[in-house]
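Trainee: Sharing a model prediction with you, sequence too.
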Amino acid sequence: MREATGGDVKLIAGGGGIFEVRRDAEVLYSKAATGQFPQPGEAAALFR
């Protein structure tokens, strides 16, 4: 992820099955909205 984003990435534990990929306050991917986890490489591609 560091190569894809050009910066540091941190994992923040959530609860209730929530999985989101964010850049600052912007939600780039939401499992709640899609109903599934991102495919391999999909989360990294959101930062390009």
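Mentor: That came in fine, so what should we check first?
Trainee: can you pull the contacts of the residue minimising distance to the centre of the chain?
Mentor: Central residue of the chain (C-alpha atoms, centre = their mean): residue 21, 2.1 Å from the mean position. Residue 21 sits next to 27-30, 38, 43, 46 when contact means C-beta atoms under 8 Å, 6 or more residues apart in numbering. C-beta coordinates here come from the backbone N, C-alpha and C atoms, glycine included.
Trainee: buried residues in the host helix or strand of it?
Mentor: Following DSSP states H and E, one finds residue 21 within strand 20-23. By 16 or more other C-beta atoms under 10 Å, the buried positions in strand 20-23 come out as residue 21.
Trainee: Using PDB, list the CA coordinates for that strand.
Mentor: In PDB, the C-alpha atoms belonging to strand 20-23 read as follows (Å, rounded to 0.1, in the frame of the first residue of the first chain):
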ATOM      1  CA  GLU A  20     -13.700   1.200   4.900                       C
ATOM      2  CA  VAL A  21     -10.800   2.600   2.900                       C
ATOM      3  CA  ARG A  22     -10.300   6.300   3.500                       C
ATOM      4  CA  ARG A  23      -8.000   9.100   2.500                       C
END
